[in-house]
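Trainee: Below is the structure, and that's it, no one-letter string:
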C-alpha cells in the first residue's frame with residue numbers, strides 16, 4: 001500500500017465500529033486528512049458482521065459522487081479491519097439538530113428542503129449505479145438513512161455516509177428473511193416487517209428525516225424498540241402544520257407522499273422526490289445554496305463549542321490508543337490483491353504476507369533510497385532506458401534467483417557470449433597475420 005496512515009484524534013465510537021481522524025502520507029510526502037473506520041476487535045469473531053463490514057467497503061469503492069462519502073482504501077492489521085474514507089470537516093445532521101433543539105430552535109424550511117434535496121441526489125446516484133466492469137446494475141439500497149449518516153461540511157456540502165447496511169445484488173451474504181436492519185425510528189414499514197426492500201425504502205427514510213427537520217420533533221419513537229417498530233409498521237403520520245404553522249399544505253403533501261405506507265404510493269425514485277423538493281424551492285423563490293448551509297454549520301459549531309481534540313502526544317499515554325496507532329503502522333491494503341475471493345467471503349484469516357509488497361523490490365535492486373531508480377534492464381532486445389525499467393513479473397523473474405536475490409555477474413550457467421566472441425576475433429586476427437607472412 002502506497003500511503004501510510006497516522007491517527008490524530010478519535011471522532012466517534014458506536015457499538016460496531018469507531019471512527020478516527022487521521023493523516024494519509026504518500027511516498028512522495030503528500031499529506032491529506034482522512035477518516036479511518038475501525039471495526040471493533042470483539043466483532044471480528046462474528047463472521048457475519050465482518051462480511052457486512054466488507055460489503056460496505058466493496059460497495060463504497062464504487063461510489064464517486066459529490067453527495068456520497070468516498071472510500072479510498074480498505075486494509076487489515078492484526079486481524080482488525082479498517083476503512084479509509086474521505087474526511088468531512090463539519091457535523092452530522094443529528095448533532096446539528098440536537099444543538100438547535102437545546103436552544104429551542106428549528107431549522108429554516110429552506111435549509112431543511114435543500115439538505116434533503118442534496119441527500120436525494122446522492123441516493124439517486126447510488127440507486128442507479130452500475131458495475132463499471134460488467135455494466136450490471138448494483139441495485140444498492142442504503143437502508144440506514146438517518147441524521148447521523150448525513151454529514152454537513154463547513155463548506156456546505158451534504159454527504160451520505162455508511163453503506164454498512166446496504167443491500168445490493170453483489171452482496172456475498174443475503175439478509176435472512178425477517179431480519180430487521182437499520183435504526184428502528186428511520187425504517188420503512190416494509191423493512192420493519194422484515195419484507196424485501198428496494199430504493200423506495202430509502203425515500204421513506206428521507207421523508208422521516210424531513211418531517212423531523214420541519215417539526216423539531218421525533219416522528220417514530222416509542223417507549224421500547226418494539227413499540228417503535230410497531231409505530232413504523234403502522235406509519236401514522238401526525239400533521240406537520242399542527243406543529244409548525246409555517247409549513248404550507250403543498251410542502252406537507254410532498255412529505256406525506258414520501259411517507260406513504262404503501263411503497264407504490266410513494267415517490268418511486270429519489271430523483272422524483274428531489275425534483276419535487278427543488279420545484280417547491282424555486283416556486284417559492286427560496287434561495288438556498290451551499291454557502292447558506294456552510295454558515296449554519298459554522299455558526300452552530302461556534303455556539304456549541306469545539307469538541308476537545310485528543311492530541312497525538314496525549315494518545316500515547318493511553319495503552320488502547322497506542323495499540324491502535326501501532327496497528328495502523330502494520331496496515332495492509334486488501335485492494336487489488338489475489339485474495340479478493342477470500343476477502344469477499346469475509347474471512348478473518350487473511351494473511352498479510354500473501355499480498356505483494358513492492359517496497360521489497362528496492363532492496364532487491366540495491367536501492368536504499370526512495371528516490372533511487374532501478375538499474376536499466378537488458379535482455380538482448382537492445383538497450384533499455386533507465387527511465388523505462390521493465391518491472392513486469394516476467395522480467396523480474398529473469399534477473400532474480402528463486403530465493404529472491406539478484407543474480408550476480410558470472411553466476412549464470414549459460415554460455416558467456418561476449419567471451420566467446422572475443423576469442424573468435426583473436427583467432428581470426430592470427431590467421432590473417434599468418435596469411436600475410438606467406
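Mentor: The structure has been received and is ready for your questions. None of the values given here were measured: they were computed from a predicted structure.
Trainee: can you give me the end-to-end distance of stretch 12-22?
Mentor: Using C-alpha to C-alpha, to the nearest Å, one end of stretch 12-22 lies 13 Å from the other.
Trainee: residues of it that come out buried?
Mentor: For stretch 12-22, burial by neighbour count (16 or more other C-beta atoms under 10 Å) applies to 17, 18, 19, 20, 21, 22. No exception for glycine: its C-beta is placed from N, CA and C like everyone else's.
Trainee: cool, stretch 292-299 as well?
Mentor: Buried residues in stretch 292-299, defined by neighbour count with 16+ other C-beta under 10 Å: 293, 294, 296, 297.
Trainee: ok, now which ones touch the first one?
Mentor: When contacts are counted by C-beta atoms under 8 Å, 6 or more residues apart in numbering, residue 293 is found next to 111, 114, 115, 152, 156, 157, 158.
Trainee: Count the neighbours of the first one for me.
Mentor: Translated: residue 111. Residues lying near residue 111 (other C-beta atoms under 10 Å) number 18.
Trainee: Could you do the fourth one as well?
Mentor: Residue 152 sits with 25 neighbouring residues when counted by other C-beta under 10 Å.
Trainee: repeat for the third one
Mentor: As a burial measure, residue 115 scores 24 neighbours (other C-beta under 10 Å).
Trainee: Could you verify my assumption that it touches residue 150?
Mentor: Yes. Using C-beta atoms under 8 Å, residue 115 is in contact with residue 150, at 7.1 Å.
Trainee: Residues in contact with both of these two, list them for me.
Mentor: Counting by C-beta under 8 Å, 6+ apart, the contacts common to residue 115 and residue 150 are 93, 158.
Trainee: I'd guessed residue 198 sits against residue 263; true?
Mentor: Yes. Applying C-beta under 8 Å, one finds residue 198 in contact with residue 263, separated by 7.4 Å.
Trainee: Neighbour count: the two, which is higher?
Mentor: Between residue 198 and residue 263, counted using other C-beta under 10 Å, residue 263 has the larger neighbour count: 19 against 15.
Trainee: how near is the more buried one to residue 257?
Mentor: Going from residue 263 to residue 257 by C-beta to C-beta, to the nearest Å gives 12 Å.
Trainee: Which residues are in contact with residue 183?
Mentor: Listed by C-beta under 8 Å, 6+ apart, the contact set of residue 183 reads 144, 146.
Trainee: so what pLDDT did it get?
Mentor: With respect to pLDDT, residue 183 scores 83.
Trainee: repeat for residue 343
Mentor: pLDDT, residue 343: 42.
Trainee: cool, and residue 47?
Mentor: 80.
Trainee: what about it, how many neighbours?
Mentor: Neighbour tally, residue 47, other C-beta under 10 Å: 13.
Trainee: What of residue 126?
Mentor: Here the number of neighbours of residue 126 (other C-beta under 10 Å) works out to 26.
Trainee: Show me the contact partners of stretch 122-132.
Mentor: Contacts with stretch 122-132, where a contact means C-beta under 8 Å, 6+ apart, come from 62-63, 65-68, 136-138, 140-142, 145, 158-160, 163, 166, 170, 199, 202-203, 206, 269-271, 274.
Trainee: Let's see which of these end up in strands.
Mentor: 158, 159, 160 (DSSP state E).
Trainee: What is the neighbour count of the closest residue to the first one other than its chain neighbours?
Mentor: Distance criterion C-beta to C-beta, 6 or more residues apart in numbering; nearest residue to residue 158, sequence neighbours excluded, is residue 118 at 3.6 Å. Number of residues near residue 118 (other C-beta under 10 Å) recorded here: 23.
Trainee: Can you pull the phi/psi pair for residue 118?
Mentor: Main-chain dihedrals, residue 118, degrees, to the nearest 10: phi -70, psi -40.
Trainee: now residue 33: how far from residue 74?
Mentor: Residue 33 is 18 Å from residue 74, by C-beta to C-beta.
Trainee: Compare these two (neighbour count), which wins?
Mentor: Higher neighbour count among residue 33 and residue 74: residue 74, with 23 against 13, using other C-beta under 10 Å.
Trainee: Show me what the helix or strand encompassing residue 281 is packed against.
Mentor: Per DSSP states H and E: residue 281 is located in helix 270-283. In terms of contacts (3 or more C-beta pairs under 8 Å, 6 or more residues apart in numbering; DSSP states H and E), helix 270-283 is packed against helix 109-127, helix 199-215, helix 249-258.
Trainee: Would you state the helices of the stretch 1-150 of the chain in chain order?
Mentor: Counting by DSSP state H, counting those that start in this stretch, the stretch 1-150 of the chain has helices at residues 47-60, 93-102, 109-127.
Trainee: Can you name the next helix or strand after the last one?
Mentor: Of the helices and strands lying after helix 109-127 in sequence (DSSP H and E), the nearest is strand 150-153.
Trainee: Let me see the mean pLDDT of stretch 26-34.
Mentor: Per-residue scores along stretch 26-34 average to 84.
Trainee: contacts for that stretch?
Mentor: By C-beta under 8 Å, 6+ apart, the list of residues contacting stretch 26-34 reads 2-3, 5, 21-25, 72, 84-87, 89, 370.
Trainee: Generate a PyMOL selection restricted to the buried entries among those residues.
Mentor: Selecting only the buried entries of the contacts of stretch 26-34 in PyMOL, with 16+ other C-beta under 10 Å as the criterion:
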select buried, resi 3+5+21+22+23+24+72+84+85+86+87
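Trainee: show me where pLDDT drops low in the stretch 201-350 of the chain?
Mentor: Within the stretch 201-350 of the chain, the stretches with pLDDT under 70 are 304-332, 334-350.
Trainee: For it, which segments count as strands?
Mentor: Applying DSSP state E, counting those that start in this stretch to the stretch 201-350 of the chain gives strands spanning 332-333.
Trainee: Of all pairs in the contacts of residue 293, which one is the farthest apart?
Mentor: Using C-beta to C-beta, the contacts of residue 293 span at most 13.9 Å, a distance reached by 111 and 157.
Trainee: still on that earlier bit, of all pairs in the buried residues of stretch 292-299, which one is the farthest apart?
Mentor: 294 and 296 (7.3 Å).
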